[in-house]
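# sequence? don't have it. structure:
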């Protein structure tokens, strides 16, 4: 006697829920305890809690969640512009025409000659040559020595203060460490001989730098030679604001090359112009504080650094070879296709698939060999 067991599928639950008085269905999860929450506890009429002030702080990572902490990034502050003494600015110095110095020098020399005649120290041939009457002389006394001192000081100040101003040059004058003005006049003039003079070239100048370290947009080391066109606009700041304005300008160019990516050789001219404009803007902003006006900073020669030159040269050769091979392959395929098409179209040959493949193979080998010998 065999017993047949049948499995009955329970009916789907009624969406309207069990009727009143019916038994509660069995829980599917037996190892979990469930707790009923009264509905009135979900909607309590408690007053809203006072708002808690939030402070910007770093939120730490929660344990077991794998969440990374959110770190506040510091606000980037603008780079302070270089400054020199605000009171240091170019102003014209007080000078006299050169005729005043010549006149003072001549008067001093004449005073010394008259004092010598008065003291009686001039020889007789000199008196006869000057057609002066012979005079016995009073000798060298205190009065004669005082006259010598006054006339000599006048002559020294007259001739010693003569200076020649040239076009494109200026004099920065100082007295005991204090700036006394700038002279931009040309021609003969008289300047106080006690003043310290420093000559400054105010013409438009250009400077071709030596190879300086640079980098391209990918960080490849380069060596760039730049051409800087500049001039001194404020002589007081250029001479007294820094120790050497030419050295300062060179440092500004080197710092700008470290910040602006320079395109490697073989790139477009637009990229070089963009890099030149960025370099000009940075160097002009840094050099304006010392009275130097920068008109252009252009990279005139860019080459790879010695440590990467060989590798980049091989890379460029490989790229050129790949381009040449692609061009050669394209021309060979076009030639083979044109040859096979003409032969079949004009009815010169009747080829099946196997013969067509063999002809294409032979023509490709022949054309590649010919192009390899004669060049593309």
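Yep, it's here. Treat the numbers as computed from the prediction; the structure is a model and nothing was measured.
# can you give me the strands in this protein?
96-97, 162-165, 169-175, 178-183, 187-190, 196-201, 205-208, 212-215, 221-232, 292-304 (DSSP state E).
# distance of the closest residue to residue 288 other than its chain neighbours from residue 163?
Leaving aside its chain neighbours, residue 288 sits nearest to residue 294 (8.0 Å; criterion: CB to CB, 6 or more residues apart in numbering). All C-beta spots, glycine's among them, are computed from the backbone N, C-alpha and C. With distances taken as CB to CB, to the nearest Å, residue 294 is found 30 Å from residue 163.
# Settle it for me: which of the two has more neighbours?
A count of neighbours by other CB atoms under 10 Å puts residue 294 above the other of residue 294 and residue 163, at 23 against 18.
# Can you give the domain ranges for the protein?
For the chain, automatic domain parsing gives the domain ranges 96-200, 205-304, 309-374.
# quick one: average confidence on the last one?
Spelled out, that is domain 309-374. Domain 309-374 carries an average pLDDT of 74.
# ditto for stretch 238-249
The model assigns stretch 238-249 a mean pLDDT of 92.
# Please apply the same query to stretch 191-198.
92.
# hmm, back to that, make sure the residue nearest to residue 288 is actually in contact with residue 287.
Yes - contact criterion CB atoms under 8 Å: residue 294 and residue 287 qualify, at 5.2 Å.
# Mutual contacts of these two, please.
Jointly contacting residue 294 and residue 287 under the rule CB atoms under 8 Å, 6 or more residues apart in numbering are 230, 249.
# Could you tell me the phi and psi values at residue 93?
phi -90, psi 160 (degrees, to the nearest 10).
# OK, contacts around it?
171, 173, 180-183, 191.
# Beta-bridge partners for the residue lying closest to it once chain neighbours are set aside, please?
Nearest residue to residue 93, sequence neighbours excluded (CB to CB, 6+ apart): residue 181, at 2.7 Å. When bridges are called by DSSP bridges, residue 181 pairs up with residue 173.
# doesn't residue 89 make contact with residue 181?
No - counting by CB under 8 Å, residue 181 stays clear of residue 89, with 10.8 Å between them.
# quick one: which of the two has more around it?
With neighbours defined as other CB under 10 Å, residue 181 and residue 89 compare such that residue 181 has more, 18 against 13.
# For residue 173, see how far away the more buried one is.
Taking CB to CB, one finds residue 181 at 6 Å from residue 173.
# Over to residue 121?
In terms of CB to CB, residue 121 sits 39 Å off from residue 173.
# Kindly report the same for residue 195.
Per CB to CB, residue 195 is found 4 Å from residue 173.
# So for those two, which sits in the more crowded spot?
residue 173 (21 against 18).
# I'd guessed the more buried one sits against residue 199; true?
No - using CB under 8 Å, residue 173 is not in contact with residue 199, being 10.9 Å away.
# just checking, what packs against the lengthiest helix in the chain?
Among the segments of the chain that qualify as a helix by DSSP state H, the longest is helix 306-345. Where contact means 3 or more CB pairs under 8 Å, 6 or more residues apart in numbering; DSSP states H and E, helix 306-345 is packed against strand 292-304, helix 353-374.
# Can you lay out those as TSV showing distance to residue 211?
Shown next, in TSV, are those (distance: least, CB to CB, whole Å):
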stretch	distance to residue 211
strand 292-304	8
helix 353-374	40
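# Tell me which of these lies nearest to residue 150.
strand 292-304 (45.7 Å; CB to CB).
# buried ones in the closest one?
Residues 292, 294, 296-299, 302, 304 are the ones in strand 292-304 that count as buried (16 or more other CB atoms under 10 Å).
# Can you name the residues in contact with that strand?
Here strand 292-304 has contacts from 204, 208, 211, 214, 220-233, 238, 245, 248-249, 253, 256, 262-265, 272, 275-276, 279-280, 283-284, 287-288, 309, 312-313, using CB under 8 Å, 6+ apart.
# same thing with stretch 224-231?
The contact list for stretch 224-231, computed with CB under 8 Å, 6+ apart, reads 202-212, 214, 249, 253, 257, 262, 279, 283, 287, 292-302.
# Return the set of buried residues in that stretch.
Within stretch 224-231, the residues that count as buried by 16+ other CB under 10 Å are 224-226, 228, 230-231.
# Would you mind putting those residues into CSV with pLDDT alongside?
Shown next, in CSV, are the buried residues of stretch 224-231 (pLDDT from 0 to 100):
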residue, pLDDT
224, 89
225, 92
226, 93
228, 95
230, 96
231, 96
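# from those, which is closest to residue 139?
residue 231 (61.2 Å).
# which residues does the closest one bridge with?
Judged by DSSP bridges, the bridge partners of residue 231 are residue 293.
# give me the low-pLDDT residue ranges for the stretch 51-200 of the chain?
Confidence mapping of the stretch 51-200 of the chain against pLDDT under 70 gives the ranges 51-81, 124, 126-138.
# now the helices: where do they sit in it?
Using DSSP state H, counting those that start in this stretch, the helices of the stretch 51-200 of the chain run over 98-119, 124-130, 142-160.
# As JSON lines, these with distance to residue 331 and mean neighbour count would be great.
Converted to JSON lines, the helices of the stretch 51-200 of the chain look like this (distance: least, CB to CB, whole Å; neighbours: other CB atoms under 10 Å):
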{"stretch": "helix 98-119", "distance to residue 331": "80", "mean neighbour count": "17"}
{"stretch": "helix 124-130", "distance to residue 331": "102", "mean neighbour count": "10"}
{"stretch": "helix 142-160", "distance to residue 331": "84", "mean neighbour count": "15"}
